[in-house]
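Colleague: With the sequence up front, the predicted model follows.
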2 protein chains.
Amino acid sequence: MPGHALLELETFLPYRLSVLSNTLSQAIARVYEKRFNLSVTEWRAMAVLGHCSDISAREVAERTAMDKVAVSRAVARLLAKGHIERSTASHDKRQSVLRLSDEGWKIYDQVAPLALEHEQRLLAHLDEEERQWLTRILETLWQAELVESKR
Amino acid sequence: MPGHALLELETFLPYRLSVLSNTLSQAIARVYEKRFNLSVTEWRAMAVLGHCSDISAREVAERTAMDKVAVSRAVARLLAKGHIERSTASHDKRQSVLRLSDEGWKIYDQVAPLALEHEQRLLAHLDEEERQWLTRILETLWQAELVESKR
DNA sequence: ATATTTTAGTTACAATTGAAACCAACTGCA
DNA sequence: TGCAGTTGGTTTCAATTGTAACTAAAATAT
């Protein structure tokens, strides 16, 4: 194609990141889905609550980078399944206070190791030096995107 | 949370990749959308056709990592907008032969530089050494995931 | 040749998602 | 106090997407 801009999708960073992360997420998602009947959004909410409990839906949204509608729906389904419990914040009756139920913890304790194992299996393809670079680079890009998207 | 698996979402690789690539894609997508009325799938199809012309829908699907239904719909919309043209392969009447129209090339020639520029702006946060590592690492993970997902 | 299976692409229907409207509770300020 | 503007969360409706079924053409087998 003479005279046209040279964009090769296969080497285009945003595209590569997108495809890589999608195949990756879907691979894990399939496991959540089949074995535990959890969608990605549901699992993300649970993951956050497993790590810091008694937070509001808004805070779950912030920490998972999901929007509040998605969180609202995930919370509704998790409540229905009994994986989480909800009460109302005493200082602000709009806010909910969310935490994993005993049942939820049982799920969490099964899924979390699986997720970590999957991550390890992926990282096993890299040597220690590569892993350190990757962490560093992702951190940098993450920060860069954050400030970009805030504008 | 004593006695529970330690999964911190913020440092979990699949999660980081997912959030990073989503915010990244959306940032570019917004530009496609607003300025050129193109969805991400539509643009991806056009990007592939800009790079190698006269290929079938199946081949577009392969090269964009989208499924054939998504491609079919993107193609339908691009045809309706007049951005691409379609004929039938002489050696196999099932296959379509797709290419950008003159109109399509005009769009392509505007969007492609924008996309490349966005990529450059992002990469500008990294030094040359980091960029090389990133390319290498993504390539490795890409290959690793490909073989994983084929099983 | 003809029946069977596979492949390219589309269509139909259900499930998921996103945007905007909405409600209730809080904040700040006159 | 009371009223305008925010904020947390839900609901509604439309658009997007995924799955499965489908058609037509080609490849393979009988």
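Modeller: Yep, that arrived.
Colleague: Grab the nearest non-local neighbour of the residue sitting nearest the centre point of chain A.
Modeller: With distances taken as CA atoms, centre = their mean, A:Arg44 lies nearest the centre of chain A, 4.7 Å away. The shortest distance from A:Arg44 to any residue that is not its chain neighbour, by CB to CB, 6 or more residues apart in numbering or on different chains, is 4.4 Å, and that residue is A:Thr64. Where you see a C-beta, it was placed from the backbone N, CA and C, and this is true even at glycine.
Colleague: For that neighbour, give its distance to A:Ser87.
Modeller: The spacing between A:Thr64 and A:Ser87, counted by CB to CB, to the nearest Å, is 20 Å.
Colleague: Which of the two has more residues huddled nearby?
Modeller: Between A:Thr64 and A:Ser87, counted using other CB atoms under 10 Å in any protein chain shown, the more crowded position is A:Thr64 (21 against 11).
Colleague: Now for the more buried one: which residues touch it?
Modeller: For A:Thr64, the contacting residues are A:41, A:44-45, A:47-48, A:71, B:9, taking CB atoms under 8 Å, 6 or more residues apart in numbering or on different chains as the criterion.
Colleague: which outside residues touch stretch A:92-110?
Modeller: The contact list for stretch A:92-110, computed with CB under 8 Å, 6+ apart, reads A:36, A:38, A:46-47, A:49-50, A:53-58, A:60, A:75, A:78, A:82-89, B:4-5.
Colleague: Give me the buried positions along the helix or strand hosting A:Arg121.
Modeller: Secondary structure here is read from DSSP states H and E; on that basis A:Arg121 sits in helix A:102-123. Across helix A:102-123, burial judged by 16 or more other CB atoms under 10 Å in any protein chain shown covers A:104-105, A:107-108, A:111-112, A:114-115, A:118-119, A:122-123.
Colleague: circling back: list phi and psi for the residue nearest to A:Arg44.
Modeller: Torsion angles at A:Thr64 (phi, psi; degrees, to the nearest 10) stand at phi -100, psi -10.
Colleague: and if you look at the one 10 residues further on?
Modeller: Listed backbone geometry of A:Ala74 is phi -60, psi -40, with angles given as degrees, to the nearest 10.
Colleague: and the contacts of stretch A:92-110, which are buried?
Modeller: Applying 16+ other CB under 10 Å to those, the neighbour count classes A:36, A:38, A:46-47, A:49-50, A:55-57, A:60, A:75, A:78, A:83-85, B:5 as buried.
Colleague: Identify the farthest-apart pair in those residues.
Modeller: Among the buried ones among the contacts of stretch A:92-110, the pair separated by the greatest distance (CB to CB) is A:Phe36 and A:Ser56, at 24.6 Å.
Colleague: that older thread, between the buried residues of helix A:102-123, which is nearest B:Glu139?
Modeller: A:Leu122 (13.9 Å).
Colleague: which stretches of chain A have low pLDDT?
Modeller: Residue ranges of chain A with pLDDT under 70: A:1-2, A:146-151.
Colleague: Please repeat the previous calculation with a cut-off of 80.
Modeller: Counting by pLDDT under 80, chain A contains low-confidence residues at A:1-3, A:5-6, A:145-151.
Colleague: show me where it has strands.
Modeller: Listed from the start of the chain, chain A has strands (DSSP state E) covering A:84-88, A:96-100.
Colleague: what's the burial count for the closest residue to DNA strand C within chain A?
Modeller: Checking chain A residue by residue against DNA strand C with CB to the nearest atom of the strand singles out A:Lys93 as nearest, at 3.4 Å. By the measure other CB under 10 Å, the count of residues near A:Lys93 is 8.
Colleague: how near is A:Leu6 to A:Phe12?
Modeller: Counting by CB to CB, the gap from A:Leu6 to A:Phe12 is 11 Å.
Colleague: Who has more neighbours out of these two?
Modeller: Taking neighbours as other CB under 10 Å, A:Leu6 and A:Phe12 compare with A:Phe12 leading, 18 against 10.
Colleague: check contacts around the more buried one.
Modeller: Applying CB under 8 Å, 6+ apart, we find A:Phe12 in contact with B:47, B:115-116, B:119.
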